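Asks: dropping the sequence and predicted coords here.
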Amino acid sequence: MIKKPFVVLDLETTGLNPVKDQIIEIGAVKFDPNSYEVLGEYHTLVKLNEGDLPANISMLTGIRREDLESGKSEEEAVKELVDFVGNSIILGHHLPFDLSFIARYHELENDFIDTKSMAYMVNPNVSTSLKALCKRYEINNKAPHRALNDARATWLVFHELFFLLNREESEIWTEDNLQKVLNTLVIGERGLRYVPYSTEVMYKKVSHLIPFSNLA
């Protein structure tokens with residue numbers, strides 16, 4: 001039994017730099033990790049602080065500038081997200097990216113799990129993008145690059161990866177197995193702009209399969 005709920009979150013942003021870019025969409029789903037029941041969802045679009053929505057971001061996400069005009073302020077949206085998360089375990093794909101934008105307003109200290117790092121642990125020699133993982137595990141993400149859809153897809157990817165990492169265990173869904181991936185990051189070639197507060201273990205990506213027993 002896992003004691004805390006999970007909140008799977010995803011952000012869409014105007015770019016990759018948390019200093020000069022901003023959040024435009026937040027999607028988060030709270031799950032009971034034992035029953036898989038959805039306990040709640042949070043979704044909002046976010047107003048632009050200034051400037052225009054880059055054309056490449058609009059093309060990627062399908063979000064238009066006019067869609068954002070009725071959105072919340074970035075600060076208000078992050079506050080609501082933090083309230084929604086509470087003391088849950090945070091789950092995300094390339095989670096340090098999302099947390100770096102949130103940290104402009106609030107430094108989350110929750111335990112976390114990064115599914116991109118989990119994918120590196122399973123096999124660092126293949127793509128660990130969310131799109132590639134959904135294709136590999138036959139997960140239908142009907143609207144990629146929209147925050148709520150990506151959050152739901154990440155939850156399904158997490159289950160596939162968690163099973164693969166613990167397939168030799170007599171019981172898979174345990175606190176002990178969860179501890180193996182909790183607050184753990186595998187860093188790719190480009191490094192990280194931001195390391196979450198709760199990070200306890202970090203590994204460099206290597207060019208061969210990492211035996212999961214060595215990561216315990």
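Replies: All right, it came through fine.
Asks: quick one, phi/psi of L165?
Replies: Taking degrees, to the nearest 10, you get phi -70, psi -20 for the backbone angles of L165.
Asks: how confident was the prediction at it?
Replies: On pLDDT, L165 comes in at 94.
Asks: try H159
Replies: Per-residue confidence (pLDDT) for H159: 95.
Asks: helix/strand/coil for it?
Replies: The assignment at H159 comes out as helix when based on DSSP: H, G, I helix; E, B strand; the rest coil.
Asks: that one: neighbouring residues, count only.
Replies: Taking other C-beta atoms under 10 Å as the neighbour definition, H159 ends up with a count of 16. Every residue, glycine included, has its C-beta placed from N, CA and C.
Asks: over to the one 10 residues further on?
Replies: E169 is flanked by 13 other residues according to other C-beta under 10 Å.
Asks: check contacts around the nearest residue to E169 once chain neighbours are set aside.
Replies: Closest residue to E169 apart from its sequence neighbours, by C-beta to C-beta, 6 or more residues apart in numbering: N177 at 6.2 Å. Residues in contact with N177, defined by C-beta atoms under 8 Å, 6 or more residues apart in numbering, are F162, L165, N166, E169.
Asks: just give me the neighbour total for the third one.
Replies: The burial count assigned to N166 is 19, neighbours taken as other C-beta under 10 Å.
Asks: D176 is in contact with that one, correct?
Replies: No. With contact taken as C-beta atoms under 8 Å, N166 and D176 are classed as non-touching, separated by 9.4 Å.
Asks: next SSE downstream of the helix or strand that the residue nearest to E169 is a member of?
Replies: Assignment of secondary structure by DSSP states H and E places N177 within helix 175-179. Counting by DSSP H and E, the next helix or strand C-terminal to helix 175-179 is strand 184-187.
Asks: tell me the buried residues in that next one?
Replies: T184, L185, V186 (16 or more other C-beta atoms under 10 Å).
Asks: name the nearest residue to the first one, ignoring sequence neighbours.
Replies: Nearest in space to T184, with sequence neighbours left out and distances taken as C-beta to C-beta, 6+ apart, is V201 at 4.5 Å.
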